[in-house]
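Peer 1: next one to model:
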Amino acid sequence: MDELEKAARGLLYDANYDPAVLEKRKAAKRILHRLNALSPDERQEHAELICGLLGRIGRNFVFDGVFHCDYGFNIEIGDDFYANVNLVILDGAKVTIGNNVFIAPNVGIYTAGHPLDPERRNVGLEYALPVTIGNNVWIGGGVSIMPGVTIGEGAVIGGGAVVTRDIPANVVAAGNPARVIREITAEDAKRESFGRK
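Peer 2: Numbering: from 1, shown residues only. Model (predicted):
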């Protein structure tokens, strides 16, 4: 079993010294370097680079500004996706994102974690747990999503939240650590004013 197969199974793997892992990460970095240097007018090349980098990408996607990931091939994104600037996805394990997902600026989605004991951490071992984001999810600015989390369909994650546990469908969650604030109801579809009161 190679190191990335270990990662896919949630086992400790060598993320920092294994030549095969380093080469796969470097291959992604080469593509990202080209991608992030493109002019906004070079949309066709941008789309081609994204399609070649990610494991799967649906129709109608926008990465509006700088994007970073570890490998790319572990990221699967559905249709009608929007990511604002500075999206970071550490994809040592699978990251699955549904349809109609909006991501605000400065969001981090992290599958990678490190052992608590310094001996194993210091020799470059880490683990990775998959992250799943359902359909119709909105993730606010500055959100951090930690390893192993599932965010349910229709959820809204408030800006600055640190999501350490699963979030159910159709709720607003916020805070550090993120907790459910309330359900999203039919009344939300009638709301016309969005300022603070």
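Peer 1: so who does the nearest residue to Gly148 once chain neighbours are set aside touch?
Peer 2: Distances taken as Cβ to Cβ, 6 or more residues apart in numbering put Leu129 closest to Gly148, at 3.5 Å, once the chain neighbours are dropped. For glycine as for every other residue, the C-beta is placed from the backbone atoms N, C-alpha and C. Contacts here follow Cβ atoms under 8 Å, 6 or more residues apart in numbering; on that basis Leu129 touches Gly10, Ala93, Thr111, Gly113, Pro147, Gly148.
Peer 1: is Val180 bridged to anything, and to what?
Peer 2: Ala173 (DSSP bridges).
Peer 1: run a quick neighbour tally on it.
Peer 2: For Val180, the count of nearby residues is 14 (other Cβ atoms under 10 Å).
Peer 1: can you give the contact residues for stretch 69-78?
Peer 2: 4, 24-25, 28, 31-32, 53-58, 61, 88-101, 111-112, 135.
Peer 1: at 6 Å instead, please
Peer 2: If you take Cβ atoms under 6 Å, 6 or more residues apart in numbering as the criterion, stretch 69-78 is touched by 24-25, 28, 53-58, 89-91, 94-99.
Peer 1: what about those residues, which are in strands?
Peer 2: With strands identified by DSSP state E, the entries of the contacts of stretch 69-78 that belong to them are Arg56, Ile57, Ile89, Leu90, Val95, Thr96, Ile97.
Peer 1: a markdown table for those, including pLDDT?
Peer 2: Shown next, in a markdown table, are the ones in strands among the contacts of stretch 69-78 (pLDDT from 0 to 100):
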| residue | pLDDT |
| --- | --- |
| Arg56 | 98 |
| Ile57 | 98 |
| Ile89 | 98 |
| Leu90 | 97 |
| Val95 | 98 |
| Thr96 | 98 |
| Ile97 | 98 |
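Peer 1: tell me how far Gly158 lies from Ile77.
Peer 2: Distance of Gly158 to Ile77, given as Cβ to Cβ, to the nearest Å: 22 Å.
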